[in-house]
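Q: following is a predicted model, sequence given first.
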Amino acid sequence: MHEMAICESILGILKEQAAQQRFSRVQRVCLEIGPLSGVEIDALRFGFDVVMKDSLAEGAKLEIDETQAAAWCMPCGSTVPLKQRFDPCPNCGSHQLQVTAGEEMRIKELEVD
Ligand SMILES: [Zn+2]
């Protein structure tokens, strides 16, 4: 499962941060996830609890901040909101869109002890 691998990499980052910043417990993890990142949030939540078990982040609260996707429309010459990848421009119906936001997946905040 793709989301398991994502959780493993989050745990790796948490361990690195813990060594650098000298904390031993993670209480809360806030992730920023774009609608075009391909991450399934339910699967991620499930994987998170499994992967964090017996680690410094066991029982940590997972918060997910879903961001908005946006794209640059060439015919309109402006940035337009996007619901899904390959959607046409909501203003002019063009498919000449370049995604500018919504593909991100990053740790936004950590609460630690
Ligand atoms: Zn347009």
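A: Arrived safely, thanks for sending. Residues are numbered from 1 along each chain as shown.

Q: quick check: I6 is in a helix.
A: Yes. With DSSP: H, G, I helix; E, B strand; the rest coil as the criterion, I6 is located in a helix.

Q: what pLDDT is listed against it?
A: The confidence metric pLDDT takes the value 95 at I6.

Q: tell me which element W72 falls in.
A: In this assignment (DSSP states H and E), W72 forms part of strand 69-73.

Q: can I get that strand as CSV, trimmed to CA atoms?
A: Extracted in CSV, the C-alpha atoms of strand 69-73 (Å, rounded to 0.1, in the frame of the first residue of the first chain):
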residue,chain,number,x,y,z
ALA,A,69,-5.6,22.9,-6.1
ALA,A,70,-5.0,25.6,-8.6
ALA,A,71,-3.7,25.9,-12.2
TRP,A,72,-2.5,28.5,-14.5
CYS,A,73,-4.8,28.9,-17.5
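
Q: tell me what the next helix or strand after it is packed against?
A: Later in the chain than strand 69-73, the nearest helix or strand by DSSP H and E is strand 78-82. Counting by 3 or more CB pairs under 8 Å, 6 or more residues apart in numbering; DSSP states H and E, the packing neighbours recorded for strand 78-82 are strand 69-73, strand 97-101. Using the backbone N, CA and C atoms, a C-beta is placed for each residue, glycine as well.
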